[in-house]
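Engineer: structure, please.
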Amino acid sequence: MSTEDRGAGRDGSEGGATAVAHRLGTSHTLWELVVRRAELSPKAPALIQAADNPDDDSCLTFGELRTRAERTAAGLRRQGVRPGDTVAWQLPTRIETVVLSLALARLGVRQTPLIPGHREREVALALRATDAAWYVHPGQWHGTDYAALADRVREPHEPALRTLLVRDRLPDADPGSPDPLPPPPDDGTTVRWIYWTSGTTSEPSGVRHTDRSLIAGGSCLAHALRLRPDDVGSIAFPYAHIGGPDYLVMLLLYGFPAVLFEKFALPDALAGYRRHGVTTAGGSTAFYSMFLAEQRKQPGEKLLPTLRLLAGGGAPKPAELYHEVVTELGCQLTHGYGMTEAPMITMGDPDDTPEQLATTEGRPPAGMEIRITAPNGAPLPPGSEGEVRLRGEAVCQGYLDPDRTAAAFDTEGFLVTGDVGHLRESGHLVLTGRTKDIIIRKGENISAKEIEQLLYELPGVADAAVIGLPDPERGERVCAVVEQPEGAPRVTLAELTAHLRGEGLATYKLPEQLEVLEALPRNETLRKVLKYKLRERFG
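Structural biologist: Purely as a prediction, here's the structure:
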C-alpha cells in the first residue's frame, strides 16, 4: 500500500500528512470531506468490521465508502427519503451504520442518531421533538426487538412514521432505472444533525449541530492527538454518540482506518484489536479500566503489542489511573474534556508532562476559546476557579428548545457549560466540579431529575434523590437515595430498577446502588435536598 493511499501526503512524511489534514479540514460539508479523501487515497482501508469469527471480518476502502454511500443515498431517495425529511436512526456500530449516515449527509436530510441503549421513552421523545418522518432500526439486536419498539412508539405518537429495517443490506440504487441524485449540499452551516444529551432538565435535550461544527470538533481532536498515517484506530463505542462523527472526521483527515466493534466486551474484543494491529484506542475512563483489568491477568506480557495511545474523555479521570495505564499497559494516555454540545474542548497532548496528563484535561486547540467566569459572567484570571464557558466553531448551534438555547449562551456567544474549574498559566484546564445536576457514567450524561421523577411514581418511595458517586470503572455510578412512607415494606434495588425499566428508561441510566434513609437531608429554608451531604456520606 502506497504512502499516498495511506494519506501521508506527496512527500510521504508525517508532516505532509498533517498539512493534507489541515487542508481537508477546510471542507464545507462532511460529504465534501468524504469525496476529497476518496480522491486522495481511494484504495486505503477506511473501516474494518471486527467479527467474532475472523473469517467474517469485512473492510471498506475510502473509495468504496464514497461509492457505497452514494448508492445508498440513491436507494433511500428511491424509497421516498427527501432533503426536507428528518431521519432518526438507532443502529449498532457497524460499517452499514456509517454508510447510512453518510448517505443521509449526501442527500442533505436532517438526521438524529439514537444510541442502541435508548428505549421507548427516549425514542418517542426524539421522534416527537424532531418531527421525524423515518425511523431506521436493526430489527432484533442483542435481545431487543426494535421493530416492536417502533410499533409501540408509532401507534400513540407518530402514526405517519415510516420505518426502515437495516440488517446486513442497505437500500441500493435501482440498476434498471438509474435515478440521478440531486447535487450534494454545499452549505456546511445548516443544522442537519440532532444529538441527544441530558442536563439539568428531566428529559434529554436535542443538540443542534452542523457539518462544520462536526468537522471542527473532529479536526481539533485529530490534531491534538498527533495522529500518523500508519495509525490504526478503533471505534468500540456507539457510533450514534457524538464521538462517532468526531472519530470519522479524524479518519478522513489523516487517511488511516478504524476497527469497528459492534459490541465492546473484554476479553472477547482483544482478538480483533490484535488481529488488525490497533495503535490507538479508548473511549472513556471505563475503557481504560477495562484494559487495565485484562492486563493484570497476564502481567509481564503486553496486552496489545501495537497499542501506543489510549485517548478519550467524557468522564472524570483519577490521576492515579493515568500512571497505572502508562506503567502497566506500556502506552501513552491522553484524556480530554468534551460534551455533546462541543465534542472536543480540550485534550491532553502526547508531549505534555506526566503531571499535566495526570492532573489536567489538557489544553484547548486553536479555534476553541475557554473563559473562566464569576457567576455574573465576569472573566477571571488564570488560577481562579469559576464557571467554564466556551466559544468556537465546534460548539453547537443551541438546542431544539429555543428557551434552553437562550439560557445556555451569554451575550458574547459563550456556551455556559455548568462545569467549574480553572485554567493554569500554561493553558491547561483543571475541572473541579459541576453546577449542573448530571451524572456522567461511561461518558454518557444522565439526568438525575429524570430518574427522580420516575421514582416518585413508585408507591414505596416518598421522596428520592439520585446522585453520581465516584467509580473507578464507570467514572460515576448512579446511586438512588430514597425516603419511604411510614410503614412501607423496605424497597429493594430489584423493585426499583424493574419499575424504571417498565417506564421505558434506558438500561445505562438505571441505578446501580440503593440507599434507604429515614429522612433525606434538607436545608432550613426551602427544604431543598442537600445532595452534597449524600455524596459525602455514600461516596
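Engineer: can you show me the helices along the stretch 201-350 of the chain?
Structural biologist: 211-224, 243-254, 270-275, 285-295, 319-324 (DSSP state H, counting those that start in this stretch).
Engineer: possible to save the ones you listed as TSV with distance to Asp419 and mean neighbour count?
Structural biologist: C-beta: built from backbone N, CA, C; applies to glycine. Rendered in TSV, the data for those read as follows (distance: least, C-beta to C-beta, whole Å; neighbours: other C-beta atoms under 10 Å):
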stretch	distance to Asp419	mean neighbour count
helix 211-224	17	26
helix 243-254	18	26
helix 270-275	32	17
helix 285-295	16	21
helix 319-324	18	16
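Engineer: who wins for proximity to Ala394 among these?
Structural biologist: Ranking the helices of the stretch 201-350 of the chain by proximity to Ala394 (C-beta to C-beta) places helix 211-224 first, at 4.0 Å.
Engineer: that closest one packs against which elements?
Structural biologist: helix 14-24, helix 30-40, strand 191-197, helix 243-254, strand 332-339, strand 342-347 (3 or more C-beta pairs under 8 Å, 6 or more residues apart in numbering; DSSP states H and E).
Engineer: can you get me a residue count around the residue lying closest to Leu253 once chain neighbours are set aside?
Structural biologist: Computed as C-beta to C-beta, 6 or more residues apart in numbering, the closest residue to Leu253 that is not its neighbour in sequence is Ala21, at 4.0 Å. For Ala21, the neighbour count with other C-beta atoms under 10 Å is 23.
Engineer: how about Ala21, what does it touch?
Structural biologist: The contact partners of Ala21, taken as C-beta atoms under 8 Å, 6 or more residues apart in numbering, are Gly7, Ser219, Ala222, His223, Leu253, Tyr254.
Engineer: ditto for Ser234
Structural biologist: Ala258, Val259, Leu260, Phe261, Tyr273, Val278, Thr280, Ala281, Gly282.
Engineer: same list, those residues, but as TSV with pLDDT please.
Structural biologist: Below are the contacts of Ser234 laid out as TSV (pLDDT from 0 to 100):
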residue	pLDDT
Ala258	98
Val259	98
Leu260	98
Phe261	96
Tyr273	98
Val278	98
Thr280	96
Ala281	94
Gly282	82
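Engineer: can you redo the residues you listed as JSON lines with distance to Gln397?
Structural biologist: Formatted as JSON lines, these follow (distance: C-beta to C-beta, whole Å):
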{"residue": "Ala258", "distance to Gln397": "27"}
{"residue": "Val259", "distance to Gln397": "32"}
{"residue": "Leu260", "distance to Gln397": "29"}
{"residue": "Phe261", "distance to Gln397": "31"}
{"residue": "Tyr273", "distance to Gln397": "36"}
{"residue": "Val278", "distance to Gln397": "34"}
{"residue": "Thr280", "distance to Gln397": "30"}
{"residue": "Ala281", "distance to Gln397": "31"}
{"residue": "Gly282", "distance to Gln397": "28"}
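Engineer: tell me the one among the residues you listed nearest to Met347.
Structural biologist: Closest approach to Met347 among the contacts of Ser234 (C-beta to C-beta): Gly282, at 11.2 Å.
Engineer: and for that closest one, the neighbour number?
Structural biologist: Gly282 has 25 nearby residues by other C-beta under 10 Å.
Engineer: from Phe291, how far off is it?
Structural biologist: Taking C-beta to C-beta, to the nearest Å as the criterion, Gly282 is separated from Phe291 by 9 Å.
Engineer: common neighbours of the two, please.
Structural biologist: Leu310.
Engineer: out of the helices and strands packed on helix 211-224, the one nearest Leu454 is which?
Structural biologist: Once these are compared by C-beta to C-beta, strand 191-197 is nearest, at 17.6 Å.
Engineer: from the contacts of Ser234, pick the one nearest Gln111.
Structural biologist: Leu260 (18.7 Å).
Engineer: give the residue spans of the protein that score low on pLDDT.
Structural biologist: 1-14, 156-159, 176-179, 198-202, 436, 523-527 (pLDDT under 70).
Engineer: mind redoing it with 50?
Structural biologist: 1-12, 200-201 (pLDDT under 50).
Engineer: contacts only, for the residue nearest to Asp145 when sequence neighbours are not counted.
Structural biologist: Nearest non-adjacent residue to Asp145, counting by C-beta to C-beta, 6+ apart: Gly139, 7.6 Å away. Gly139 makes contacts with Asp145, Tyr146, Ala147, Leu165, Arg167, as judged by C-beta under 8 Å, 6+ apart.
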